[in-house]
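Asks: Just a sequence and a predicted model for now, questions to come.
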Amino acid sequence: MFARRLSFAPLLVGLLVGCVGADGASSSAGPLVYGADDRLEYYQLTTPQSVAIAGSTAGVLRNTAVTLRADGNYQVNTSGTFASSYQLCTDEPFRNQPNPAFCTAFLVAPNLVATAGHCLRTATDCSATTFVFGFRMDDASTVRSIVPAADVYRCSAIVSRQETTTNDWGLIRLDRNVTGHTPLAIRRSGTIAAGTSVAVAGHPAGLPFKYAGGATVRSNSAGAYFESNLDTYGGNSGSPVIDAATGTVEGVLVRGNTDFRYDSARRCYVSNRCADTGCPGWEDVTRTTQFAGLVPTAQDCSANGACNAACAAGADPDCPAVVCGNGRCDVGESCDGRSGTTRCADCPGVTTGQTRRQYCYVNGVCTGRGCP
């Protein structure tokens, strides 16, 4: 039996097999391919459903991997490569692509993303984390590493999380409502049927976005999770696992088999490949029903632990209170009331003078070219 691993950030090359990973679990992070390799780039997607899912999936990066540019856009760090991170052999797919992400997340409400519980554990983790939509390959050689500010979000709070050997999920509140991307529908009750075709979307091993279908639900007996033959990597932790027919998110990718094996003849690592019948063992997917009660519907303004930005101002008790004069630029406040926020002197900003140097703090985040 292959060792189970929590999919997570890239490990040091010398520690790839049978080691303790960044999440503290026995880990060998990397690609695991069942049968044919089903991974596709964003530009290879051909259905409106898969494109929409891609648009609502975000890479989870350290703040240090995302830099604000003078033009108001953000630069994603592309200095490291998949090959150098894992000492890959020369025939490994995607080996020359950058891999700055350490997990994946997906939008479930206007200001709420779901991910794996082991991706962000503490308030310190939250304060050091950025979520980026649209980090992808635009063609075979062009990575979309410059992204607009509207696609970059900070972690505001960990709403709730679980992390056990059977139940692994996290809900993260972002610093503001997401624009240009639609929350994905999740299963809220019942159980996906065994044999159902499923797909996974995310940032395997921190790479630009990938989408992989060609999998099915293989084992469905556990209460908190199901198992599938999905082609996933370490950075797929937190990825949405989707019913391929309906587009409904059925779960969050959280664990899997040992992934890399060492090729002693070539002195490099290659993907561990399994038959579609298993290695034995599969990739584990936490069911969305484990946390669906915390994800607001469009009209849910109750005290359910998640801020629903679709509610009228002040109607959802879970949303942070706007208190001007407390010395903090909080969520819901800005220096000039832009983007539906409240104008507060707590938020510094300059809104007059040279246009190219204007800036303002919106929901606690500096926006504009003049940001310090």
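Replies: Happy to help now that I have it. Numbers count the residues shown, from 1 in each chain.
Asks: so what's residue 230 up against?
Replies: By Cβ atoms under 8 Å, 6 or more residues apart in numbering, the contact list for residue 230 reads 34, 198, 199, 200, 212, 215, 236, 241, 253, 256, 283, 285. Backbone N, C-alpha and C define where each C-beta goes, glycine included.
Asks: can you put those residues in CSV and add pLDDT, neighbour count and distance to residue 302?
Replies: Formatted as CSV, the contacts of residue 230 follow (pLDDT from 0 to 100; neighbours: other Cβ atoms under 10 Å; distance: Cβ to Cβ, whole Å):
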residue, pLDDT, neighbour count, distance to residue 302
34, 68, 25, 41
198, 97, 25, 31
199, 97, 25, 32
200, 97, 29, 32
212, 94, 23, 37
215, 92, 24, 36
236, 94, 35, 33
241, 98, 30, 28
253, 96, 30, 29
256, 81, 30, 36
283, 90, 28, 34
285, 97, 29, 28
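Asks: Now the two most distant members of the residues you listed.
Replies: 199 and 256 (15.5 Å; Cβ to Cβ).
Asks: In the protein, where's the longest helix?
Replies: Assignment by DSSP state H gives helix 48-55 as the longest helix of the chain.
Asks: what pLDDT does the nearest residue to residue 250 once chain neighbours are set aside get?
Replies: Nearest residue to residue 250, sequence neighbours excluded (Cβ to Cβ, 6 or more residues apart in numbering): residue 192, at 4.7 Å. What the model reports as pLDDT for residue 192 is 97.
Asks: quick one: residue 192 and residue 164, what's the gap?
Replies: To residue 164, residue 192 is 21 Å away according to Cβ to Cβ, to the nearest Å.
Asks: These two: which is more packed in?
Replies: residue 192 (21 against 9; other Cβ atoms under 10 Å).
Asks: all strands for the stretch 251-372 of the chain, in order.
Replies: Under the criterion DSSP state E, counting those that start in this stretch, strands of the stretch 251-372 of the chain are mapped to 260-263, 268-274, 283-287, 333-334, 342-343, 349-350, 359-362, 365-367.
Asks: just the helices in the stretch 1-150 of the chain please.
Replies: 48-55, 82-86, 123-127 (DSSP state H, counting those that start in this stretch).
Asks: which one of the ones you listed is the most hemmed in?
Replies: helix 82-86 (a mean of 21; mean count of other Cβ atoms under 10 Å).
Asks: how far does it sit from the chain's center?
Replies: How far helix 82-86 lies from its chain's middle: 20 Å, per Cα atoms, centre = their mean, to the nearest Å.
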